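In: Fold the following and give me the result.
(2 chains, ligands or ions: 6)
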2 protein chains.
Amino acid sequence: MKKHNFSAGPSILPQEVLLKASHAVMDFNNEGLSLLEISHRSKAFVDVMENARALVLELLGLEGKGYKALFLQGGASTQFLMVAMNLLEKRAGYLNTGTWSKKAIKEAKMLDDIYEVASSESANFNYIPKGYDIPEDYDYFHCTSNNTIFGTQIKEFPNSPIPMVCDMSSDIFSRVLDFSKFDLIYAGAQKNMGPAGTTLVVIKEDILGKVSRKIPSIMDYKLHISNGSMYNTPPVFAVYTSMLTLEWIKSLGGIAAVEKLNEKKANVMYSEIDLNPLFKGFATKEDRSIMNATFTLENENLKETFETMLKEAGISGLNGHRSVGGYRASMYNALPIESVKTLVEVMSELESKA
Amino acid sequence: MKKHNFSAGPSILPQEVLLKASHAVMDFNNEGLSLLEISHRSKAFVDVMENARALVLELLGLEGKGYKALFLQGGASTQFLMVAMNLLEKRAGYLNTGTWSKKAIKEAKMLDDIYEVASSESANFNYIPKGYDIPEDYDYFHCTSNNTIFGTQIKEFPNSPIPMVCDMSSDIFSRVLDFSKFDLIYAGAQKNMGPAGTTLVVIKEDILGKVSRKIPSIMDYKLHISNGSMYNTPPVFAVYTSMLTLEWIKSLGGIAAVEKLNEKKANVMYSEIDLNPLFKGFATKEDRSIMNATFTLENENLKETFETMLKEAGISGLNGHRSVGGYRASMYNALPIESVKTLVEVMSELESKA
Ligand SMILES: Cc1ncc(COP(=O)(O)O)c(C=O)c1O
Ligand SMILES: Cc1ncc(COP(=O)(O)O)c(C=O)c1O
Ligand SMILES: [Mg+2]
Ligand SMILES: [Mg+2]
Ligand SMILES: [Mg+2]
Ligand SMILES: [Mg+2]
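Out: Ligands and ions are numbered 1, 2, ... in the order given. Presented below is the predicted three-dimensional model:
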């Protein structure tokens, strides 16, 4: 039986994407070779890469606006460093909204001065700070759109007077935004885009080339751009599977259509959390993530019963991160609303039992 | 029809590995989830990672000798930088045997002083320099065991008085060596180990921690080791498929058994190149690679006929790299001897026609 997969990442992918990816491992394009065995310089794969890059800009509404899309390796964690290497000359401003923001700050600090424009750390990151200033003379401003661990999400982005960089690892392609407000967006694939193993970077080209440090080749966005995202061997399978997911999003009607489904799922989920007296939401209501709902079970004695019921219902990946405890329901694009309904049923069944 | 795949990388993998990998994309371990959808922190995947790391040390004969195996992202090209970041304090010696050695040198030079202990560049890298000195007071010595593009291979490694680092991207697991002579070995997976998207690094732990620079987290071997090769989300699919290939090597009887098959294939290939008057080998005989045979067709007029015949025989991936021209037959572990025999038949058929 296929499980109800609430895993925070790597996480659920559309069934049709899995089918096509599985097939390509045996025979790609009916060419008598596996996708894993072909040269990345072959026309067949170059087409995949170009199609994937173009779909990203199309879905984000960034075509013809000076942006380039790259599929790199190393995870979002590598971007914590690359962003600073490519953009940090003197000082940058970071919004600290959780574990991942903190790691981004830590990496950038190794290169130069970092200023936290605001932080919600003293409240264990259960809200998104607002009303902070972004100094005009800094190199860039960095924020995390969705805090996977804490279940908070930025709803209104600031009007940044300097280039705005955003880690969208856990909510890319999940909601409509004016993406042209951002100068650099990055996201590990393993939530809304594909398997672990590739990282999407979308860059407004004109922000590059302004720092004085020598940038190592493999860390240099410009070099990756001039090589069509193939400076070295790309992670072929992860890029192909991401392309399939991007095609799936397009076939559903693009990000706007996907967002509607995501909002429905989040509504069902948060209604239950709020109405059911056994559960309590972790994040401040106005900052709740539509991707990751974090909540706790108030009565510890019911834990075992609840977890047995989850298991029996085929629900997996619901454990909260240790920094928050409790539960986390990750509801990425590919999660069907039926899975959320199943979870909610279990929660209300627990209430009727208790 | 399955093709005869001589691609230089990404390249041929064992059919049974492809079958298992393809199945895991639909359903992993019969658990009702795809391999792509499970948490990398799940027991199922942690077991995969640990098994893969252990198999590496077992196959290389490095168990209990102070080595650790890591599966990282970023390709061998990222190792060009990471090696220098982790080991280069003042000066290092590099053997320059081709395009990849040069790139390794270029990256390391960004950090500090690099000395070429020897180079075969003036002969377009058609041989391996010998009899050079490795200065005792340098931080490390770096070499490339197999030059994928030029088809040369180091047969005898020097007795290095300083830590020896080796890029084995294109001949790892293909022949028996005293691997304990090396202090750091790295290899992109996409030749003899798996799909593109992960890089194997094998490190003797006691060479780490000796440089004064601050190493960014994602570049720090020590941090990757202390996190069991999961400092951040690993490339799950590429690691799993690599593990399957390692199991396949073990099932054949380990590297010694694989080496015998590789030697047979290389003998068949080079005999034809030498005996057939239409073809000429590129590399100096004593330095010929058993992985990549580079050769040219002497009579340009036969080019079209030859390439039509190759196509008809289902032979793919034989084009030489532009820095050498002609042809390159990559004969990695998973290439059956039947493929080499088919190629050799086409070559001798061409001779009888000419
Ligand atoms: C918001 C966010 N940023 C960064 C990361 C780190 O990504 P990676 O493991 O690909 O380095 C994660 C991982 O969950 C994340 O959720
Ligand atoms: C010997 C050698 N080193 C390094 C590389 C670069 O590897 P990657 O593309 O994974 O960075 C290659 C690629 O073919 C290679 O053959
Ligand atoms: Mg977080
Ligand atoms: Mg409640
Ligand atoms: Mg080479
Ligand atoms: Mg000859």
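In: Need the per-residue pLDDT for the residue of chain A found nearest ligand 1.
Out: Distances between chain A and ligand 1 by Cβ to the nearest ligand atom are smallest at residue A:75, namely 2.7 Å. No exception for glycine: its C-beta is placed from N, CA and C like everyone else's. Note on residue A:75: pLDDT of 98.
In: Okay, the residue nearest to it when sequence neighbours are not counted and residue A:310: tell me how far apart.
Out: The shortest distance from residue A:75 to any non-neighbouring residue, by Cβ to Cβ, 6 or more residues apart in numbering or on different chains, is to residue B:232 (4.5 Å). Separation of residue B:232 from residue A:310 (Cβ to Cβ, to the nearest Å) stands at 28 Å.
In: which ones are touching the residue nearest to residue A:75?
Out: Residue B:232 makes contacts with A:75, A:76, A:77, A:78, B:218, as judged by Cβ atoms under 8 Å, 6 or more residues apart in numbering or on different chains.
In: mind checking the SS state of the closest residue in space to the third one that isn't next to it in sequence?
Out: Spatially, and ignoring its direct neighbours in sequence, residue A:77 is nearest to residue B:232 (3.9 Å; Cβ to Cβ, 6+ apart). Under the three-state scheme (DSSP: H, G, I helix; E, B strand; the rest coil), the conformation of residue B:232 reads as coil.
In: any idea how far residue A:40 is from residue B:232?
Out: 23 Å.
In: same question, residue A:118
Out: Residue A:118 is 42 Å from residue A:40, by Cβ to Cβ.
In: what does residue A:214 give?
Out: Distance, residue A:214 to residue A:40, using Cβ to Cβ: 27 Å.
In: between those two, who's got more neighbours?
Out: residue A:40 (21 against 10; other Cβ atoms under 10 Å in any protein chain shown).
In: And the more buried one, how far from chain B?
Out: 6 Å (Cβ to the nearest Cβ, to the nearest Å).
In: which helix is the longest one in chain A?
Out: Scanning chain A for the helix with the most residues, using DSSP state H, yields helix A:254-275.
In: Pull the distance from it to the chain's centre.
Out: In terms of Cα atoms, centre = their mean, to the nearest Å, the centre of helix A:254-275 is found 17 Å from the chain centre.
In: any chance you could map the strands in the stretch 1-150 of chain A?
Out: Applying DSSP state E, counting those that start in this stretch to the stretch 1-150 of chain A gives strands spanning A:4-5, A:67-72, A:91-96, A:113-119, A:141-144, A:146-147.
In: Mind giving me the packing neighbours of the fourth one?
Out: Spelled out, that is strand A:113-119. strand A:91-96, helix A:99-109 (3 or more Cβ pairs under 8 Å, 6 or more residues apart in numbering or on different chains; DSSP states H and E).
In: The last one packs against which elements?
Out: What that stands for is helix A:99-109. Using 3+ Cβ pairs under 8 Å, 6+ apart: helix A:99-109 touches helix A:75-87, strand A:91-96, strand A:113-119, strand A:141-144, strand A:146-147, strand A:164-167.
In: Show me the one of those that comes nearest ligand 5.
Out: Closest approach to ligand 5 among these (Cβ to the ion): helix A:75-87, 25.4 Å.
In: So which residues on the stretch 151-300 of chain A come close to ligand 1?
Out: A:167, A:169, A:170, A:188 (Cβ under 6 Å from any ligand atom).
In: could you flag which of these are buried?
Out: A:167, A:169, A:170, A:188 (16 or more other Cβ atoms under 10 Å in any protein chain shown).
In: I'd like to know how far the first one sits from residue A:100.
Out: So the one you mean is residue A:167. Counting by Cβ to Cβ - residue A:167 and residue A:100 are separated by 6 Å.
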